[in-house]
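# sequence plus predicted model, see below.
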Amino acid sequence: DVQLQASGGGLVQAGGSLRLSCTASGFTFDDHVIGWFRQAPGKEREGVSCFDLSDGSTFFADSVKGRFTFSTDNAKNTVYLQTNSLKPEDTAVYYCNVVPSRNDYWGQGTLVTVSS
């Protein structure tokens, strides 16, 4: 079974940083497009960013542009989302998935809480 598990969340003060990890089991990232999504309390899940591993191109939502970046560790089959200058409105459960997303690939997500 394929599982894409996000981790690395936590509680951080506004202006702080976290590095979120997306680790795959039963799946290799290879030439896929990997997306990060988030769901804030009482809101629908939204796309935050995506990374095309075939050519290195990236997309970031306006709300996180300039603050979030991607990196990879092929040996660990892991994609990272570096989140900097965090704001209280970034508080959400963060998930990773392929793009377009697959329902059977959603993991439990990782909670990011940004205090003001």
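Sure, I can see it.
# please make it C-alpha for all contacts and neighbour counts, starting now.
OK.
# how about the strands in this protein?
In the chain, the strands defined using DSSP state E lie at 3-7, 10-13, 18-25, 33-39, 46-52, 58-60, 68-73, 78-83, 92-98, 110-115.
# buried deepest among those strands, which one?
Per-stretch averages of neighbours, counted by mean count of other CA atoms under 10 Å, single out strand 92-98 among the strands of the chain, with a mean of 25.
# quick one: list the elements packing against that strand.
Strand 92-98 sits against strand 3-7, strand 33-39, strand 110-115, with contacts defined as 3 or more CA pairs under 8 Å, 6 or more residues apart in numbering; DSSP states H and E.
# the first one pairs with which strands, and in what direction?
Its sheet considered, strand 3-7 pairs with strand 18-25 (antiparallel) by DSSP bridges.
# tell me the angle of the strand it pairs with relative to strand 78-83?
Note on geometry: by axes from the mean of the first three to the mean of the last three CA atoms, to 10 degrees, strand 18-25 and strand 78-83 are set 160 degrees apart in direction.
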